[in-house]
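Asker: sequence unknown, structure follows:
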């Protein structure tokens, strides 16, 4: 996730392998979740290894880490306590009820500290979501890792700590302090997406219950459930199949349904007649940087596919986990990356050069010319279309003009980047959304946006370039579909059926002829800027291969660093990719100039021993707010993996 924490208030980020003993600061926040109302302290957890997981529930990388930790928690359940520290990016994520919902939604089975003021994360000098901090049984910090892909190294460290402190007599075994929430009744639980079937019924991804549910035309009556309700990846008959937090649904030309099985990193084909399910794409493992991005669908790994749509003769996939759009061709049985570089941000232009940030919703325009994209982390509405000789037209567009050719181009209708969001209507270049997860094409050529964290349904009209509000007081709308038969003709305005995810239901709305215009509010992600000196600045990404591993240079350089800035003119020198994890850049501006440095780092390591050594990928994006100040720092260290000693 390309976001960074406030600068540390008292201590700089340590160098790797530091032997200084650093006592872990106490945990401070608003309240605790999953503890039965009890407050926890590190003193109470002394004798066990504590893993702090700094996360926020909008962040796909954070959700990956939650899933990575599940097996470690189970294998070391009597010696390890994982504590989630929820540190919000968006305004909505600072609401306590929303955090409680997120903990249940994503099956978080450990204590969580709700820290809306970022008190604990500042104490630990955290700079990015997600970050993992390991505290030994005596209460000292022994490791810090930013990003995902580090759990294998952490488990090795945990095993070492068990042996070391078992021998010293400082290991205390026992169950982690975890009180699960009370089970909640209801037909749906945090549903994700909805699909209208030709017969007039609805399919809904009942995400938290790991099922796909068919509802009657009333949107309430359950006709059948597909899936056992247990996490897993298993094909078969309707009652035996297993999903893992399914999301998007798309109707294929032959009448079958494709399901984006998000946490399984797979696409599943569902036969509506029988309910039988078969996996058609994905290996069940998560894609990692350097892995193939095209080939036979069952042999290429995917990464958190969140939505699917049939466009231009194939299935397009919102690959939220790698900030790209991929395609799946059912005829050839192949997949391929189609748009996006894997860098996280908002950059328009030719599809292969565009940047996305967690694309989470797809919809094909009424005339079939565009694929609309809800790009959630940039709070943006974007689209992809065939390149052509002239610009795409329509107010509110941005980016490069289309060019003659058979490729695709990406454009933005609403949104400016990773840090600006809000609820404001009007001209598209001034309008603001807040983490939208769904889009729906309307019969008149406009598009409805499930503006999830604003609890609203918004509308963008390409003909006028205006954004308006169709409905408010929804609760985390995440997907919507036109009711069967809706056309917007003489029979009146069409009805749209919205997934109110946090109300666990479908809600039917008659689209108003005149939408409301909300003057609204604007927000920026609140993070204190790091004061740096104008001119030369040394960027140092701190990485130390975990014990028992070495850098994997078998196929070329083992590390990669990409640097850019907002605004672009902040960087006078040093922009672009390279293979070293340190770089001298030059910052341009006067006293008080502010901006954001975007730093993306990757390192590949492999086990030192074994005939077939396992390979590991460590990666993280940072967005570091900086302010140019005379006397400011001339070095910016960022920990990818370090402080292990």
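Answerer: Nice, I can see it. Nothing here was measured: the structure is a model prediction, and the numbers come from that model.

Asker: So in the protein, where's the weakest helix or strand by average pLDDT?
Answerer: Ranked by mean pLDDT, DSSP states H and E, the helix or strand of the chain with the weakest confidence is strand 521-524, at a mean of 62.

Asker: Now do the same contact list for residue 538.
Answerer: 582, 583, 584, 585, 634, 635, 636 (Cβ atoms under 8 Å, 6 or more residues apart in numbering). C-beta here means a position set from N, CA and C on the backbone, and glycine is covered the same way.

Asker: okay if I get those as a markdown table plus neighbour count?
Answerer: Shown next, in a markdown table, are those (neighbours: other Cβ atoms under 10 Å):
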| residue | neighbour count |
| --- | --- |
| 582 | 14 |
| 583 | 18 |
| 584 | 11 |
| 585 | 20 |
| 634 | 13 |
| 635 | 13 |
| 636 | 21 |
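
Asker: Show me which positions of the helix or strand that the least confident helix or strand of the chain is followed by end up buried.
Answerer: Later in the chain than strand 521-524, the nearest helix or strand by DSSP states H and E is strand 530-532. Neighbour counts over strand 530-532 (16 or more other Cβ atoms under 10 Å) mark 530, 532 as buried.

Asker: ditto for stretch 44-58
Answerer: 45, 47-58.

Asker: Identify the farthest-apart pair in those.
Answerer: 47 and 58 (34.5 Å; Cβ to Cβ).

Asker: So for the lengthiest helix in the chain, mean pLDDT?
Answerer: What stands out as the longest helix in the chain, according to DSSP state H, is helix 151-168. For helix 151-168, the mean per-residue pLDDT is 94.

Asker: Which elements pack onto that helix?
Answerer: strand 49-55, helix 60-75, strand 131-135, strand 140-146 (3 or more Cβ pairs under 8 Å, 6 or more residues apart in numbering; DSSP states H and E).

Asker: Spit out the contact partners of the closest residue to residue 170 other than its chain neighbours.
Answerer: If the residues on either side of it in the chain are set aside, residue 170 comes closest to residue 137, at 5.2 Å by Cβ to Cβ, 6 or more residues apart in numbering. For residue 137, the contacting residues are 46, 47, 48, 49, 161, 165, 170, 171, 172, by Cβ under 8 Å, 6+ apart.

Asker: give me the low-pLDDT residue ranges for this structure?
Answerer: Residue ranges of the chain with pLDDT under 70: 1-20, 389-406, 485-493, 513-528, 610-613, 642-645.

Asker: can you give me the helices for it?
Answerer: Counting by DSSP H, the helices of the chain are 60-75, 96-105, 119-123, 151-168.

Asker: Mind checking those for the one nearest to residue 249?
Answerer: Ranking the helices of the chain by proximity to residue 249 (Cβ to Cβ) places helix 96-105 first, at 18.2 Å.

Asker: Let me know which of the helices and strands packed on helix 151-168 is the nearest to residue 116.
Answerer: Nearest to residue 116, of all the helices and strands packed on helix 151-168, is strand 49-55, at 13.3 Å by Cβ to Cβ.

Asker: what packs against the closest one?
Answerer: Judged by 3+ Cβ pairs under 8 Å, 6+ apart, the packing partners of strand 49-55 are helix 60-75, strand 80-86, strand 131-135, helix 151-168.

Asker: Could you export the ones you listed to JSON lines, including columns for mean neighbour count and distance to residue 616?
Answerer: Listed next are these as JSON lines, based on neighbours: other Cβ atoms under 10 Å; distance: least, Cβ to Cβ, whole Å:
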{"stretch": "helix 60-75", "mean neighbour count": "19", "distance to residue 616": "12"}
{"stretch": "strand 80-86", "mean neighbour count": "26", "distance to residue 616": "20"}
{"stretch": "strand 131-135", "mean neighbour count": "25", "distance to residue 616": "14"}
{"stretch": "helix 151-168", "mean neighbour count": "17", "distance to residue 616": "6"}
